[in-house]
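Colleague: model this:
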Amino acid sequence: MAANSRRIGWLVAFTVLCVVAALVAPSFPQPTGYHGFADTRAAFGIANFANVASNIPFLIAGLWGLAIVLGGGARFEEPPERWPWIAFFAGLVLTAFGSAYYHLAPDNETLFWDRLPITITLMALVSAQIVDRISIRVGIALLAPLLVIGAASVVYWRVTERAGAGNFVPYVVLQGYAVVILLWLALALPSRYTRSRDLLWIFAWYVLAKIFEAVDEPVFRLGGIISGHTLKHLAAAMSGFVACVMLARRTLVAPARSRVTTRAG
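Modeller: As a prediction, the model looks like this:
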């Protein structure tokens, strides 16, 4: 119990530290060249077709995941454990639409609708892993605050952009926060379920997606067939598919260290 309290204390302290860092760090506007993607080819009357269509896997993974969670295909020791996963897969569905909308006409205004659902998936995954590896009660209690903090980072960026002094640092800090927390949970704390290492595969696909994002134009120049940003979408969607397989195949191996009192779910 004392060890669990220390873990919760570390989690809270790191969260507060990241919030403070996001608020006091020097502001940095969204680079104007961000929206200049390599592959601008249209097809079937759709502008930037590859970057738009490559969001379909997000939709498939999200709907599949929701079917698994809501249809009883996933094992949960306590019914409320499903809520972070519902938010995670709903975030993937929204990412499919938000990212497709952005890539039809890339600019800061449409980018808002791309980034907002991304924060939902990241924060929901953090909540789900806290539920699994630290405390059901704490993880469920943190779901709503984490989602609000994630959304706030994007809303803040949009407001500052509209005011002429854009600052997307809080959004960047948020992504770094999620990566650190998820790595810590995956490497340092045991899961109550089998297939716990699948979280590392989710992380690996996310990292690969960020790499593809950074080499958008060089990849496209290799043969003019596909761009790095299109591959980014496909790699990021793979994280969702890994989560689907994990939930569908895992089994309970250890009881919860801390249970919620409610049985509602």
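Colleague: quick one: pLDDT of the most centrally placed residue in the chain?
Modeller: The centre of the chain sits closest to residue 122, judged by C-alpha atoms, centre = their mean, with a distance of 2.7 Å. For residue 122, the model assigns a pLDDT of 96.
Colleague: do the same with residue 264
Modeller: 39.
Colleague: you'd agree the residue nearest to the centre of the chain is up against residue 150?
Modeller: Yes: using C-beta atoms under 8 Å, residue 122 is in contact with residue 150, at 6.4 Å. No exception for glycine: its C-beta is placed from N, CA and C like everyone else's.
Colleague: Mutual contacts of these two, please.
Modeller: residue 174 (C-beta atoms under 8 Å, 6 or more residues apart in numbering).
Colleague: how about low-confidence regions in the protein?
Modeller: Within the chain, the segments meeting pLDDT under 70 span 1-3, 257-265.
Colleague: go with 50
Modeller: For the chain, the stretches with pLDDT under 50 are 258-265.
Colleague: And the helices in it?
Modeller: Along the chain, the stretches classed as helices by DSSP state H are 2-24, 49-53, 56-70, 82-104, 108-133, 136-162, 169-188, 198-214, 216-221, 228-249.
Colleague: which stretch among those comes nearest residue 42?
Modeller: Of all those, helix 49-53 sits nearest to residue 42, with 5.8 Å by C-beta to C-beta.
Colleague: quick one: the closest one to chain centroid distance?
Modeller: Offset of helix 49-53 from its chain centre (C-alpha atoms, centre = their mean, to the nearest Å): 20 Å.
Colleague: Does anything pack onto that helix? Which helices or strands?
Modeller: Applying 3 or more C-beta pairs under 8 Å, 6 or more residues apart in numbering; DSSP states H and E, one finds that helix 49-53 contacts helix 82-104, helix 228-249.
Colleague: ok, now which ones touch residue 110?
Modeller: Contacts for residue 110 (C-beta under 8 Å, 6+ apart) come out as 101-102, 104.
Colleague: would CSV of these with neighbour count and distance to residue 213 be doable?
Modeller: Formatted as CSV, those follow (neighbours: other C-beta atoms under 10 Å; distance: C-beta to C-beta, whole Å):
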residue, neighbour count, distance to residue 213
101, 16, 18
102, 23, 13
104, 14, 18
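Colleague: Relative to residue 207, which of the residues you listed is nearest.
Modeller: When those are ranked by distance to residue 207 (C-beta to C-beta), residue 102 comes first, at 21.8 Å.
Colleague: measure the residue lying closest to residue 173 once chain neighbours are set aside to residue 141 for me?
Modeller: Nearest residue to residue 173, sequence neighbours excluded (C-beta to C-beta, 6 or more residues apart in numbering): residue 22, at 4.1 Å. According to C-beta to C-beta, to the nearest Å, residue 22 stands 22 Å off from residue 141.
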